[in-house]
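Asker: curious how this folds, go ahead:
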Amino acid sequence: MSQFVSNYKKRIQKKEIKIGVVGLGYVGLPLALEFAKKKVNVLGIEIDKDRLSQIENGVSYITDVTTKELKHILKAGYFEASGDFEQLKAADAVIICVPTPLKRKYHPNISYIKEAVKEISKNIKKGALVILESTTYPGTTDEVILPLLENAGLIHNKDFFLCFSPERIDPGNVSFPVNKIPKIVGGISKEATELAALTYGIIIDKIVKVSSARSAEAAKLLENTFRLINIGMIDELAMMANKMNIDIWEVIDAAKTKPFGFMPFYPGPGVGGHCIPKDPLYLYWKAKHFGFRSKFIKLASDVISRMPEYVVERVEEVLEKQGCEIKNAKILVVGVTYKKDIKDLRKSPPLDIISTLQKKKSGVSYYDPLVTYLKIGHIDLGSISLSAEKLADFDCVIIATDHTSTDYKFILKHAKLIFDTRNIYKGIEDRKVIRL
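Answerer: Next comes the predicted model:
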């Protein structure tokens, strides 16, 4: 262990270090507060003025952070937020948690990372550790971030240390908060890896060191690509099972009784959130630069992307059998968030279902206890209240998200026809219930 790393470890033990977190979104804010809970001074950098204002007023805008928790930590004095990058000059470690969207379906947009790194390079403390958590393609840390910092006249392993550590946030999962999820760290140098391990060791028990930043970047993409491909496969099998008059849900339940060699995945109206729909496409894009085309990733992405359209096609078929055209049919979409019990609309498939129904000139309404207002295209929608009279007036109810606060028994009792994409009505043999 180098003298610098040894001294850093001693300073951690004495709680003498300060940590900067750039980007206070779904990843950054929970992470910053975990450090603050351990009585480590944390500076959060956020350029969104609305978010800064909410933090100053002690109001949380993140599902996994309660307003009560945020107010308590602010009062304790270990966490502060600012839009001024110059304040990072006091930080011993800077963790980057900014968005990495796609420009187009298969092209990563790392502009937020670049802008953050440029600002950090102007305001970095000598010897500071820089960690990227934002999900990106393998090579970003050493091919993009390292040169940006070095072009500012900084020398690695002297003026700064650089590492990648993938975020592993699962919004709403109370069983696995930030501090309970093992942390992967891969540095540009061994010293960078050690410093990152020591930093995250303040809040996380299990640290997994890998040989390089590229390995850490690829590990994150493997996790999400594994899910994407298996979800794409089961979605395709669900479509096939429908053609063959087979209940895919029964098939999955039977298959998962095998105690080895099988892991259940379930079909649905599509995949939303900040990871699965886009992260594997970073790998697909990067692989093409090496002359390699990942057929599995593209195929799975294409299958999943078509699921909202497939849901509407199935609904249209069912309505036609009952002598009702989808044009002008009154349809209720239940649940518009991408995930159960989470107020998060990022890439949410139910929004695509609503948009597709609108294009078919259906009369679309929605109900979601977590989302009171929506704007899809140029159309403003508000969540309706559920009543027996209203439910009976819809030609079809599409169950798109399975919130625990929704009374599905009430819907079953009063709806004319239900298209269930989430297997809410498992085991219920009712002629008015159609499963995905």
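
Asker: list the buried ones in stretch 219-229?
Answerer: Of the residues in stretch 219-229, those buried by neighbour count under the rule 16 or more other C-beta atoms under 10 Å are 219-221, 223-225, 227-229. Where you see a C-beta, it was placed from the backbone N, CA and C, and this is true even at glycine.

Asker: ok, now which ones touch the nearest residue to I145 once chain neighbours are set aside?
Answerer: Leaving aside its chain neighbours, I145 sits nearest to V117 (5.3 Å; criterion: C-beta to C-beta, 6 or more residues apart in numbering). With contact set as C-beta atoms under 8 Å, 6 or more residues apart in numbering, V117 has these partners: 96, 130, 144-145, 148-149.

Asker: ok, now how distant is the residue nearest to the spatial centre of the chain from L345?
Answerer: The central residue of the chain, meaning the one whose C-alpha is nearest the mean C-alpha position (C-alpha atoms, centre = their mean), is H274 at 3.1 Å. From H274 across to L345, the span is 11 Å (C-beta to C-beta, to the nearest Å).

Asker: same question, K361
Answerer: In this view, K361 and L345 are 24 Å apart by C-beta to C-beta.

Asker: which one's more surrounded, those two?
Answerer: Just comparing K361 and L345: by other C-beta atoms under 10 Å the higher neighbour count belongs to L345, 17 against 12.

Asker: sec struct for that one, please.
Answerer: Following DSSP: H, G, I helix; E, B strand; the rest coil, L345 is assigned to coil.

Asker: that one - nearest residue in space that isn't next to it in sequence?
Answerer: In this structure, L345 finds its nearest non-sequential neighbour in T337, 6.1 Å apart by C-beta to C-beta, 6+ apart.

Asker: likewise for T401?
Answerer: G335 (2.5 Å).

Asker: same deal with D352?
Answerer: P308 (3.7 Å).

Asker: who's in contact with that neighbour?
Answerer: With the criterion set at C-beta under 8 Å, 6+ apart, P308 makes contact with 269-270, 349-350, 352-353, 356.

Asker: for these, give me a markdown table that also has secondary structure and neighbour count.
Answerer: Conversion of those to a markdown table gives the following (DSSP: H, G, I helix; E, B strand; the rest coil; neighbours: other C-beta atoms under 10 Å):
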| residue | secondary structure | neighbour count |
| --- | --- | --- |
| P269 | coil | 29 |
| G270 | coil | 28 |
| P349 | helix | 24 |
| P350 | helix | 28 |
| D352 | helix | 22 |
| I353 | helix | 28 |
| T356 | helix | 18 |
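
Asker: helices and strands around the one helix or strand in the chain whose mean pLDDT sits lowest, which ones?
Answerer: For the chain, using mean pLDDT, DSSP states H and E, the weakest element among its helices and strands is strand 102-104, scoring a mean of 79. Judged by 3 or more C-beta pairs under 8 Å, 6 or more residues apart in numbering; DSSP states H and E, strand 102-104 is in contact with no other helix or strand.

Asker: the next helix or strand after it pairs with which strands, and in what direction?
Answerer: Stepping forward along the backbone from strand 102-104, the first helix or strand reached (DSSP states H and E) is strand 107-108. Neighbouring strands of strand 107-108 in its sheet, by DSSP bridges, are strand 102-104 (antiparallel).

Asker: show me what counts as buried in the strand it pairs with.
Answerer: When neighbours are counted by 16+ other C-beta under 10 Å, no buried residue of strand 102-104 is found.

Asker: I411: what secondary structure?
Answerer: What three-state DSSP gives for I411 is helix.

Asker: what do you get for G427?
Answerer: With three-state DSSP as the basis, the three-state label of G427 is coil.

Asker: can you give me the strands for the stretch 251-400 of the chain?
Answerer: Taking DSSP state E, counting those that start in this stretch as the test, the strands found in the stretch 251-400 of the chain are 330-334, 363-367, 373-376, 379-382, 396-399.

Asker: just the C-alphas of the last one, formatted as CSV.
Answerer: Extracted as CSV, the C-alpha positions of strand 396-399 are listed here (Å, rounded to 0.1, in the frame of the first residue of the first chain):
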residue,chain,number,x,y,z
CYS,A,396,-61.8,-2.6,-22.2
VAL,A,397,-59.5,-2.1,-19.2
ILE,A,398,-55.8,-2.7,-19.7
ILE,A,399,-53.8,-3.6,-16.6
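
Asker: done for today, thanks.
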